[in-house]
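1. Fold the stuff below for me.
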Amino acid sequence: LKTIANLTNFTIFIVFIVVNASVIYFRYNKPVKEGFKVPLNIGKFPLVPLLGIVTSMFMIVNLTFDVLILGSVLVIMGMIFYFIMNMNRKYQGKRA
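-> Prediction:
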């Protein structure tokens, strides 16, 4: 049960990293005139998402080795599944 709980933590930390990295990415590549604002910026760079990434990385590093391996395998399998499903949708769209 402890391993499953830590696997859940691992995947949640990965999601937090991706979300915070997306905020930074979109700040530079697809800025919006109106919408939500992120406090504490240095120029255009938002510090809160950076702090979120660093904190999530710190939490991941403190997980056990078996959880890191199993979690990485789960994330890689999820990415493979996503790309297979995405290719399948593109193929079906071309046939129609």
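2. Please confirm that residue 12 is located within a strand.
-> No. Assigned with DSSP: H, G, I helix; E, B strand; the rest coil, residue 12 falls outside any strand and is helix.
3. any idea how far residue 75 is from it?
-> 12 Å (CB to CB, to the nearest Å). Every residue, glycine included, has its C-beta placed from N, CA and C.
4. tally of neighbours for residue 67?
-> 19 (other CB atoms under 10 Å).
5. Pull up the gap between the most centrally placed residue in the chain and residue 9, please.
-> Most central in the chain under CA atoms, centre = their mean is residue 18, positioned 2.1 Å from the mean C-alpha point. Relative to residue 9, residue 18 is positioned 15 Å away (CB to CB).
6. likewise residue 57?
-> 13 Å.
7. just residue 36 next, same as before
-> On the measure of CB to CB, residue 36 and residue 9 end up 26 Å apart.
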